[in-house]
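1. Below are the sequence and a predicted model for it; my questions follow.
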Amino acid sequence: MGITNDLERLAELHKGGAISDAEFASAKARALGETPPAAGNAVLHWLHALRRSRTDSWLGGVCGGLAPATGLPAWLCRLIFALLVVCGGTGVLLYVLLWILVPNEDGVVDLGNGTFRST
């Protein structure tokens, strides 16, 4: 019953917000004797979950999509891109690349003539 009690306590802590999703997954894996997921998987999962916003959009929805993914407000993402534009112009290149490569909230990447639906 030790593992069952540990898992129940972990679930309560996770539900209460005391531990994050990554901490919960890692602690659960340790309790079950499994190898915890690598940190690289978390970054990969974050990249796959990144979407452009359709509702919080000024140009392409890039900043509106980055805001919930990073935990920053959308206005701060816009300010960062504006500063990058002023300081060398890298903000324009980065914004355009993200506009092209990051799919909409519905998972569609617009490639000009055709569309690509990501899974």
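-> Structure received. Residues are numbered from 1 along each chain as shown.

2. How is the nearest residue to K28 once chain neighbours are set aside assigned, secondary-structure-wise?
-> Closest residue to K28 apart from its sequence neighbours, by CB to CB, 6 or more residues apart in numbering: L10 at 5.9 Å. From N, CA and C alone the C-beta is placed, and that goes for glycine too. Put simply, L10 is helix when judged by DSSP: H, G, I helix; E, B strand; the rest coil.

3. okay, now L10: neighbour count?
-> As a burial measure, L10 scores 19 neighbours (other CB atoms under 10 Å).

4. residues contacting it?
-> 19, 24, 27-28, 31 (CB atoms under 8 Å, 6 or more residues apart in numbering).

5. Mind putting these into CSV with distance to L66 and secondary structure?
-> As requested, the contacts of L10 are exported to CSV (distance: CB to CB, whole Å; DSSP: H, G, I helix; E, B strand; the rest coil):
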residue, distance to L66, secondary structure
I19, 25, coil
F24, 25, helix
A27, 29, helix
K28, 29, helix
A31, 34, helix
